[in-house]
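**Student:** Take this sequence and fold it.
(chains A, B, C and D)
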Number of protein chains: 2
Amino acid sequence: MTRTTQTKRTTIYDLAELAGTSASAVSAVLNGNWKKRRISARLAEKITRLAEEQGYALNMQASVLRRDRSKIIGMIVPKYDNRYFGSIVEQFEALARERGLFPIITCTMRDPALELDAARAMLSYQVDCLIATGATDPDRVMELCAAAGVRTVNLDLPGARAPSVISDNHGGALELTRRVLANCEKEYGEKTPLLFVGGRGTDHNTLERVRGFRDAHAEAGVTVDETLVLTCGYAPEKAESAMRQLAERTGDLPRGMFVNSTISLEGVMRWIRRSGHYADRVPQLGCFDWDPFVAMLGDHIEMVRQDVPRMLEAVFAIIESGATGPTVVQIPPIVEKTG
Amino acid sequence: MTRTTQTKRTTIYDLAELAGTSASAVSAVLNGNWKKRRISARLAEKITRLAEEQGYALNMQASVLRRDRSKIIGMIVPKYDNRYFGSIVEQFEALARERGLFPIITCTMRDPALELDAARAMLSYQVDCLIATGATDPDRVMELCAAAGVRTVNLDLPGARAPSVISDNHGGALELTRRVLANCEKEYGEKTPLLFVGGRGTDHNTLERVRGFRDAHAEAGVTVDETLVLTCGYAPEKAESAMRQLAERTGDLPRGMFVNSTISLEGVMRWIRRSGHYADRVPQLGCFDWDPFVAMLGDHIEMVRQDVPRMLEAVFAIIESGATGPTVVQIPPIVEKTG
DNA sequence: AATTCTTGCTTCATCGATTGAGCACGCATG
DNA sequence: CATGCGTGCTCAATCGATGAAGCAAGAATT
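**Tutor:** Numbering: from 1, shown residues only, chains lettered A, B, ... in the order given. I've put the predicted structure just below:
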């Protein structure tokens, strides 16, 4: 009864002894299928009470080892430094818990090697399913998992060999570019090509967003200036130095910009402020991603907010459907009014 | 050799059979202490090669079940929606991995019940140690863990029964308030009391920050206006409605404000923009917490950035020292120049 | 030649929970 | 009275990895 600095944890064997019964009865009672195992309500109650009293906690390691499914669901995510990934992770945890799954998450710092290490670690922990969010090489991750018989779903960036849930990048970029072009015309009375900055020239999202960017220009009868498409990576420093180099090359900077993520916007804004190039004339901005403080930066910024709740609902729908083919579900993002 | 859609994962028994040896030899080789167990280099190499070929992955559930320490380290964190907690989590993962520990993280959405559930789940997974970040009831968490013989360290908010690592809230708030008072005097030529908004009136950090706020006022010879201390909670909506109510009560709004977290600032800024109360005269702001976009909001905002790297180094130092008493380590935050 | 040592393994119990198989008892039915 | 059946449990194998203890064969020592 008096349990002071106990090191040994209470197990079902301890409870069995205390209750004068067998471990298997205790197990049956505590994992809820005691009716199926024809344990009397009286004994069930007694065991439940004892478990409570003793502060019994199931040893998941032992439980998972024995069961066929672990009910652990993994997610790898590039970073936690922006609202988009932050809300993905929060939503993921919430939906996983709703379904009785235990979520484990690892951030990969956008490092391809860490991405694979993280996937391997999750496999070691017997995840039933792995969500690869914004992975640099989703197919390699999928391959690793497939070899262990574990399903994967890609999120944010699609893969070629597993189901993917992504934003409608083309549609979002099209609408965002339209708005920035319109703002430029309203503000400056001229139709000039915009700058595109941020993202990797190789990733699917960036390609699709550039396509939307081009289509909006075409629609407006504006020719895209190819020297203004700077897919320099997402990091703030990279966006900042891309801007600096651009300014060195040209005297006439664009009136408006499409910035591919808040992370890149961080670098772009820093440059705008430090360089003083736009001191007299604020550039019209569009940002693919949402952040509350960016929304307060002024009325010259349009934002696209990816629909994280719907994206994660789609992810879990795929998991529950058992689908495994390389389908791509596109979720329309929300274009927000700023100011 | 040909392993197509295998469902069964390779185990040390499979490898043992393939290598014509025993499972225990395989185990010894793969977990690195084959020299101690006097396995020949020849056999070790053979087993290693086979493991590679077969894509063997250790079953951590089985391994942890057998071992005394799990090498799993848990963290509970309130939310992922701001840079402070985001960087805490990133840093935690990095430092844990450096030390060969497997980090698992759960966000509690600031819900006290979820906080305890999360802690219980982590105990079930046999964490060796649990970091309670910004917990509403760190002592209750500690109690749960202690009953299972698991150490805890509090981060961000201190507890009374386990070691804690927190920011120097009083010092940071003192300096921040000084700066905002100075900015007000410079800008408006008057010494008037500031507004304090955000945070819970019961949590240690908020209390300490209010104390720093008061001390800075005293230093400057300004009397604190008690009706201007609004510890209404952290959520943006709460801060926003606190501002609204304040404006309804008084005609003369304060020239400067101390905002207790970026999360609260979100609501404050929203109110400032929507209400139009400060349309003519921008208020001088101070924010306890840092965000890159807030830094760009203008030159009227001072920020305190908590020193996350040092805080987490301190957490791991405590873990490694084995200390278990209720010591409080205070890490000085960094007061950032804005603009 | 008899002994001890060293090397290189194998055997087996163990961690805690789960679950198919089976046992004992009481009651009903033929 | 024999048989069948429902109830309420227990037994024992199992999941995969680990490591103490032990064993066999050859080398070294006396």
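
**Student:** Buried ones in stretch A:287-296, by neighbour count?
**Tutor:** A:287-296 (16 or more other C-beta atoms under 10 Å in any protein chain shown). Quick note: C-beta positions are derived from backbone N, CA and C, even for glycine.

**Student:** scratch that, stretch A:210-219
**Tutor:** Quick answer for stretch A:210-219 (16+ other C-beta under 10 Å): A:210, A:212-217.

**Student:** ok, now stretch A:136-156?
**Tutor:** So for stretch A:136-156, counting by 16+ other C-beta under 10 Å, buried means A:136, A:138-148, A:150-156.

**Student:** Please flag which of the residues you listed sit within helices.
**Tutor:** If you go by DSSP state H, the buried residues of stretch A:136-156 have A:138-147 in helices.

**Student:** follow-up on the earlier one: how about the buried residues of stretch A:287-296, which pair is most distant?
**Tutor:** Maximum pairwise distance among the buried residues of stretch A:287-296 (C-beta to C-beta): 18.1 Å, between A:288 and A:296.

**Student:** Reformat the buried residues of stretch A:210-219 as CSV; add pLDDT and secondary structure.
**Tutor:** Below are the buried residues of stretch A:210-219 laid out as CSV (pLDDT from 0 to 100; DSSP: H, G, I helix; E, B strand; the rest coil):
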residue, pLDDT, secondary structure
A:210, 98, helix
A:212, 98, helix
A:213, 98, helix
A:214, 98, helix
A:215, 98, helix
A:216, 98, helix
A:217, 98, helix
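
**Student:** Considering only the buried residues of stretch A:287-296, which also neighbour DNA strand C?
**Tutor:** Among those, not one lies near DNA strand C by C-beta under 7 Å from any atom of the strand.

**Student:** Give me the mean pLDDT for the lengthiest helix in chain A.
**Tutor:** Across chain A, the longest stretch assigned as helix under DSSP H is helix A:169-188. Over the span of helix A:169-188, the pLDDT mean works out to 95.

**Student:** So what touches the helix or strand just after that helix?
**Tutor:** Sequence order places strand A:195-197 as the next helix or strand after helix A:169-188, per DSSP states H and E. Residues outside strand A:195-197 that contact it (C-beta atoms under 8 Å, 6 or more residues apart in numbering or on different chains): A:209-210, A:213, A:228-232, A:239, A:242-243, A:246, A:253-254, A:256-260, A:264, A:268.

**Student:** Can you name the element that comes right after strand A:195-197?
**Tutor:** Per DSSP H and E, the first helix or strand lying C-terminal to strand A:195-197 is strand A:199-200.

**Student:** Distance from the chain centre to that following strand, please.
**Tutor:** Put simply, strand A:199-200 sits 16 Å off its chain's centre (C-alpha atoms, centre = their mean, to the nearest Å).

**Student:** so what strands line up beside it?
**Tutor:** strand A:232-233 (antiparallel) (DSSP bridges).

**Student:** Residue A:202: how many residues sit nearby?
**Tutor:** 9 (other C-beta atoms under 10 Å in any protein chain shown).

**Student:** just residue A:40 next, same as before
**Tutor:** 10.

**Student:** try residue A:33
**Tutor:** 11.

**Student:** I'd guess it is in a strand, am I close?
**Tutor:** No - residue state for residue A:33 (DSSP: H, G, I helix; E, B strand; the rest coil) corresponds to coil; a strand is not indicated.

**Student:** how far away is it from residue B:28?
**Tutor:** 39 Å (C-beta to C-beta, to the nearest Å).

**Student:** ok now do the closest residue to residue A:47 other than its chain neighbours, which residues does it touch?
**Tutor:** Spatial nearest neighbour of residue A:47, chain neighbours left out: residue A:29 (4.4 Å); criterion: C-beta to C-beta, 6 or more residues apart in numbering or on different chains. Shown in contact with residue A:29 (C-beta under 8 Å, 6+ apart): A:39, A:43-44, A:47-48.

**Student:** Using TSV, please lay out these together with secondary structure and neighbour count.
**Tutor:** Shown next, in TSV, are the contacts of residue A:29 (DSSP: H, G, I helix; E, B strand; the rest coil; neighbours: other C-beta atoms under 10 Å in any protein chain shown):
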residue	secondary structure	neighbour count
A:39	coil	18
A:43	helix	17
A:44	helix	19
A:47	helix	25
A:48	helix	17
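
**Student:** What is the nearest of those to chain B?
**Tutor:** Distance to chain B across these (C-beta to the nearest C-beta) is lowest for residue A:48, with 15.8 Å.

**Student:** For residue B:98, see how far away the residue nearest to that closest one when sequence neighbours are not counted is.
**Tutor:** Using C-beta to C-beta, 6+ apart and skipping the chain neighbours, the partner closest in space to residue A:48 is residue A:29 (6.4 Å). For residue A:29, the distance to residue B:98 equals 42 Å [C-beta to C-beta].

**Student:** Can you give me the buried ones in stretch A:69-85?
**Tutor:** Buried-residue list, stretch A:69-85, by 16+ other C-beta under 10 Å: A:70-85.

**Student:** closest to residue A:113 among those residues?
**Tutor:** residue A:76 (12.5 Å).

**Student:** Return the list of strands paired to whichever strand or helix holds that closest one, each annotated with direction.
**Tutor:** Assigned by DSSP H and E, residue A:76 belongs to strand A:72-77. Applying DSSP bridges to the sheet, strand A:72-77 is found paired with strand A:102-107 (parallel), strand A:129-133 (parallel).

**Student:** ok, residues contacting it?
**Tutor:** Residues contacting strand A:72-77 (C-beta under 8 Å, 6+ apart): A:64, A:85, A:88-89, A:92, A:96, A:101-108, A:115, A:118-119, A:122, A:125-135, A:141, A:155, A:319.
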